[in-house]
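Undergrad: Would you be able to build a 3D model of this:
(chains A, B, C and D)
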2 protein chains.
Amino acid sequence: MFWKHGFADASLQELEKATGVNKSGLYSEFSDKEELFLESLRFYLDRLPQRELLMVEPLGWDNIEQFLKLGPRNTEGQKGCFAISSMRELAILPPAAIEMLERGRVQLKRLIARNIEAEKPKADVNDLAGMVLTFFAGLSVERNLKSSRANAGRKVDNLMQVLRSF
Amino acid sequence: MFWKHGFADASLQELEKATGVNKSGLYSEFSDKEELFLESLRFYLDRLPQRELLMVEPLGWDNIEQFLKLGPRNTEGQKGCFAISSMRELAILPPAAIEMLERGRVQLKRLIARNIEAEKPKADVNDLAGMVLTFFAGLSVERNLKSSRANAGRKVDNLMQVLRSF
DNA sequence: GCGGTATTGAACTAATCGGTTCTTTAAAGT
DNA sequence: ACTTTAAAGAACCGATTAGTTCAATACCGC
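TA: Just a heads-up that it's a prediction; the model follows:
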């Protein structure tokens, strides 16, 4: 629900229906809506399926490609990446959530960098990892638009062609 | 206010304060909050300063570079691109707003493509334009994070180096 | 200075928001 | 079967939401 509607627009009523847990139950387990959001985000980041894509041996461009292709996918109707989407609401998110997002980002970048490093490219590994990450963010955002959903695969192919040339 | 807080989180009270116009005045001019948002978005898209960056003669890579560097800038404290940020809320935005976003995107892509075309690259112009646009979306999102705000310029430099090689 | 027109301020509506409390019901342990 | 514990339901809270109404006030053309 947070993924789809964001923090502000996900009402307690909808959260009850989505979780199947009564409001009483929710509040006996979480102190408030912010903590519920925080734990949802933690849950998402912890078992981020994208992460495993980047740990397949041997590390390399193929992992990056899989990550970009399957990363911002639509899981159960959700679009894009929950973490990326949440960055829209940074202004109203609890500080702990922001930290979590920043930390998750750093981790992801490190994973990407390790895959790039395995290919021993000529260009700077950190720069390339940053590029991949920015591209990933862009793809995640575009996932929401129907007009650019179709050619997402082609976009990744194009980028990969560039990356592999390094 | 919509730019900063998004549609859901921008309250009428804040809108009054931000516009300096009374609620009565707001509602005498706009039918509801949705129309006010719609017109705000139209206003933004119409005088999108980024657009002019892409029309400087002669067309070419330099325009693209300027666009990527100054495009997702912070205008009056606002971060990233209003249009990109709004894509987070597509689920609750009025259909007219979604259409507007899609149309603005197409226009922007066309402008980018024209600049790329002027350079007569070997690669497909449309593919390259899509790449620039995705990268732009990524940069806009990352603008919200303090950790990745600093090296945005470097990122653009890296991408431009790639693009110019085509 | 006068009259018409915007603009404002404040009171008000109905609905919804996040959050609390308490009673009832269901489940589990022994 | 009885007791303890967990979960559910529902009523309720004050605050806030988008939106309306109307009287008071400011402004402007004449």
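Undergrad: what's downstream of the lowest-mean-pLDDT helix or strand in chain A, the next helix or strand?
TA: Least confident helix or strand, chain A: helix A:49-53 with a mean of 85, by mean pLDDT, DSSP states H and E. Later in the chain than helix A:49-53, the nearest helix or strand by DSSP states H and E is helix A:61-70.
Undergrad: which outside residues touch that following helix?
TA: For helix A:61-70, contacts defined as CB atoms under 8 Å, 6 or more residues apart in numbering or on different chains pick out A:49-50, A:53-56, A:112, A:115-116, A:119, A:132, A:135-136, A:139, A:152-153, A:156, A:159-160, A:163-164. C-beta here means a position set from N, CA and C on the backbone, and glycine is covered the same way.
Undergrad: among the residues you listed, which ones are buried?
TA: A:50, A:53-54, A:112, A:115-116, A:119, A:132, A:135-136, A:139, A:152, A:156, A:159-160, A:163 (16 or more other CB atoms under 10 Å in any protein chain shown).
Undergrad: Need the nearest residue in space to the most centrally placed residue in chain A, chain neighbours excluded.
TA: The centroid of chain A falls nearest to A:Cys81 when counting by CA atoms, centre = their mean (3.8 Å). Nearest residue to A:Cys81 in three dimensions, chain neighbours excluded: A:Ser140, at 4.2 Å (CB to CB, 6 or more residues apart in numbering or on different chains).
Undergrad: what separates whichever strand or helix holds that neighbour from the chain centre, distance-wise?
TA: Using DSSP H and E, the element containing A:Ser140 is helix A:125-142. Distance, stretch centre to chain centre, for helix A:125-142: 11 Å (CA atoms, centre = their mean, to the nearest Å).
Undergrad: Can I get the helix or strand just after it as CSV, trimmed to CA atoms?
TA: Downstream of helix A:125-142, the first helix or strand assigned by DSSP H and E is helix A:152-164. Extracted in CSV, the C-alpha atoms of helix A:152-164 (Å, rounded to 0.1, in the frame of the first residue of the first chain):
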residue,chain,number,x,y,z
ALA,A,152,12.4,-0.3,-21.2
GLY,A,153,14.1,-3.5,-22.3
ARG,A,154,15.5,-1.8,-25.4
LYS,A,155,16.8,1.0,-23.2
VAL,A,156,18.7,-1.4,-21.0
ASP,A,157,20.2,-3.1,-24.1
ASN,A,158,21.4,0.2,-25.3
LEU,A,159,23.0,1.1,-22.0
MET,A,160,24.6,-2.3,-21.7
GLN,A,161,26.1,-1.9,-25.1
VAL,A,162,27.8,1.2,-23.9
LEU,A,163,28.9,-0.2,-20.6
ARG,A,164,30.4,-3.3,-22.0
